[in-house]
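Trainee: Quick one, what's the 3D model for this:
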Amino acid sequence: MSLGEDPERRQAALRAMAHPVRLRMLSLLTGAPLTAADVARELGLTHANASYHMRNLLAAGLIVQGGEERIRGGVAKRYRYDADRDRENLVGEYGADSQRALFAAVANELIRRTAEADWSVGASMVDAELWIDPQVWHEIRDRITRAGRDLHDAARPPHTPGTVRTSTTLAMFRMEDS
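Mentor: Prediction:
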């Protein structure tokens, strides 16, 4: 069953994503499957804390197992975030409060990221509340959605030689007439 077919599971996923550490984990797990130890090292967390948050993401159906590796006589599971699977499932009419909580968490994450921005190489930002022809709105939204998928598809593991660390936040939604 997908997240979109189960309102309770979708709510749980949105709650899980509304935590700033878990948002960072989802970004990390987009580029490559990682273990809890990998995530802990990258984010400066304890292994126990990283494992706790990854269990929450797994229970919410936001990450999937992406392999295993033998480490010191044990088996470490690798997990990955499948952005394609979840992209359509998390948007919908259920859980407006959870949606707003997620947007608030993303806004706070954006504040954290801007503190680490390299403004010398330029940036792009658009913020607008506009009235647009519905057909134009759908076309632009679809192009930007495809660009977001392209970014996720291009993601590589942290610190891969020849890559740059970037931040991208996209939020587009139709507003109610007031």
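Trainee: next helix or strand past the helix or strand bottoming out on mean pLDDT in the chain?
Mentor: When the helices and strands of the chain are compared on mean pLDDT, DSSP states H and E, helix 83-87 comes out lowest with a mean of 65. Downstream of helix 83-87, the next assigned helix or strand under DSSP states H and E is helix 96-114.
Trainee: in that next one, what counts as buried?
Mentor: Ser98, Gln99, Ala101, Leu102, Ala105, Val106, Glu109, Arg113 (16 or more other CB atoms under 10 Å). Glycine gets a C-beta too; all of them are placed from N, C-alpha and C.
Trainee: gap between the fourth one and Pro20?
Mentor: As judged by CB to CB, to the nearest Å, Leu102 and Pro20 stand 11 Å apart.
Trainee: quick one on the thing from earlier: can you add distance to Leu43 and give the buried residues of helix 96-114 back as CSV?
Mentor: Listed next are these as CSV, based on distance: CB to CB, whole Å:
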residue, distance to Leu43
Ser98, 24
Gln99, 25
Ala101, 21
Leu102, 19
Ala105, 15
Val106, 17
Glu109, 12
Arg113, 13
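Trainee: out of the residues you listed, who's nearest Leu62?
Mentor: Leu102 (11.6 Å; CB to CB).
Trainee: Wait, the closest one touches Ala18, no?
Mentor: Yes: counting by CB atoms under 8 Å, Leu102 touches Ala18, with 4.9 Å between them.
Trainee: in this protein, which spans are strands?
Mentor: Counting by DSSP state E, one finds strands in the chain at the ranges 63-71, 74-81.
Trainee: Please identify the deepest-packed of these.
Mentor: Ranked by mean neighbour count, these are led by strand 74-81 with a mean of 16 (mean count of other CB atoms under 10 Å).
Trainee: What helices and strands are in contact with that one?
Mentor: Here strand 74-81 touches helix 20-31, helix 36-43, helix 47-59, strand 63-71, going by 3 or more CB pairs under 8 Å, 6 or more residues apart in numbering; DSSP states H and E.
Trainee: and the angle from the longest helix along the chain to helix 20-31?
Mentor: What stands out as the longest helix in the chain, according to DSSP state H, is helix 134-154. If you take axes from the mean of the first three to the mean of the last three CA atoms, to 10 degrees, helix 134-154 sits at 70 degrees to helix 20-31.
Trainee: in helix 134-154, what's buried?
Mentor: Neighbour counts using 16+ other CB under 10 Å place Gly148, His152 of helix 134-154 among the buried residues.
Trainee: CA atoms only for that helix, dumped as PDB, please.
Mentor: Only the C-alpha atoms of helix 134-154 are listed here, as PDB (Å, rounded to 0.1, in the frame of the first residue of the first chain):
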ATOM      1  CA  PRO A 134      -4.600  27.900 -14.600                       C
ATOM      2  CA  GLN A 135      -3.100  26.300 -17.700                       C
ATOM      3  CA  VAL A 136       0.100  28.400 -17.400                       C
ATOM      4  CA  TRP A 137       0.200  27.400 -13.600                       C
ATOM      5  CA  HIS A 138       0.000  23.700 -14.500                       C
ATOM      6  CA  GLU A 139       2.700  24.000 -17.200                       C
ATOM      7  CA  ILE A 140       5.100  25.900 -14.900                       C
ATOM      8  CA  ARG A 141       4.400  23.700 -11.900                       C
ATOM      9  CA  ASP A 142       5.100  20.600 -14.000                       C
ATOM     10  CA  ARG A 143       8.400  22.000 -15.400                       C
ATOM     11  CA  ILE A 144       9.600  22.800 -11.900                       C
ATOM     12  CA  THR A 145       8.500  19.400 -10.600                       C
ATOM     13  CA  ARG A 146      10.600  17.800 -13.400                       C
ATOM     14  CA  ALA A 147      13.600  20.000 -12.500                       C
ATOM     15  CA  GLY A 148      13.200  18.800  -8.900                       C
ATOM     16  CA  ARG A 149      13.200  15.200 -10.000                       C
ATOM     17  CA  ASP A 150      16.300  15.900 -12.100                       C
ATOM     18  CA  LEU A 151      18.100  17.300  -9.000                       C
ATOM     19  CA  HIS A 152      17.200  14.200  -7.000                       C
ATOM     20  CA  ASP A 153      18.300  11.900  -9.800                       C
ATOM     21  CA  ALA A 154      21.700  13.800 -10.000                       C
END
